[in-house]
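Engineer: next comes the sequence, and after it the predicted model I'd like to discuss.
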Amino acid sequence: MLNSIFVYGTLKEGNVYDRDTFSSNRLSVERATIIGSIYDIKTHPVLKLDGNGIVRGEIHTYHARDLEAILFVMDKIETYDSRRAKCHNKYNREIVTARTEDDREIKTYVYEYYKNPRESAKIQDGMWEPYRDKIIKRFLYNHAVRLYKFLNKK
């Protein structure tokens, strides 16, 4: 029986949806990759299990006895309902093989986005970080301000 979930965005450790429900019952967190593509749709990332790209994320492992409750909460967050046809879910829970940093392969659950996002939203390096663009823009702005002040010293 599977007892892990591959997460790649807001469910990663320390992010928006990493709730006490998950962290207090979690046995471990391991960095890992899966085959697929990840896209930034402004508010959060989405995953498509297509192509041959690499998606970087984490495997969260739980006690088997806790997994049903964990999946129930995650299903609600991801608006997944196993009773509906896949085309009626925003995300669908799938089983994939993830590869850990120490080269182990682990079968795990993952949530795949049903729709096809714009190709221009694809994250080329396969790693979504919250506020990455804001951090870069803030750095560049601060650097520009310092440079401007330096050049305009009297």
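Structural biologist: Okay, I see it.
Engineer: tell me where the chain has helices.
Structural biologist: In the chain, the helices defined using DSSP state H lie at 20-23, 64-77, 132-151.
Engineer: out of these, which gets the lowest mean score?
Structural biologist: Ranked by mean pLDDT, these end with helix 132-151 in last place, scoring a mean of 58.
Engineer: wait, L27 sits on R65?
Structural biologist: No. Counting by CB atoms under 8 Å, L27 stays clear of R65, with 11.3 Å between them. From N, CA and C alone the C-beta is placed, and that goes for glycine too.
Engineer: can you give me the strands for the chain?
Structural biologist: 4-7, 26-35, 37-40, 45-48, 54-62, 91-100, 105-113 (DSSP state E).
Engineer: can you list those strands in JSON lines and add mean pLDDT, distance to I70 and mean neighbour count?
Structural biologist: Rendered in JSON lines, the data for the strands of the chain read as follows (pLDDT from 0 to 100; distance: least, CB to CB, whole Å; neighbours: other CB atoms under 10 Å):
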{"stretch": "strand 4-7", "mean pLDDT": "96", "distance to I70": "7", "mean neighbour count": "25"}
{"stretch": "strand 26-35", "mean pLDDT": "96", "distance to I70": "8", "mean neighbour count": "17"}
{"stretch": "strand 37-40", "mean pLDDT": "93", "distance to I70": "22", "mean neighbour count": "22"}
{"stretch": "strand 45-48", "mean pLDDT": "94", "distance to I70": "18", "mean neighbour count": "22"}
{"stretch": "strand 54-62", "mean pLDDT": "96", "distance to I70": "5", "mean neighbour count": "21"}
{"stretch": "strand 91-100", "mean pLDDT": "97", "distance to I70": "12", "mean neighbour count": "16"}
{"stretch": "strand 105-113", "mean pLDDT": "97", "distance to I70": "10", "mean neighbour count": "19"}
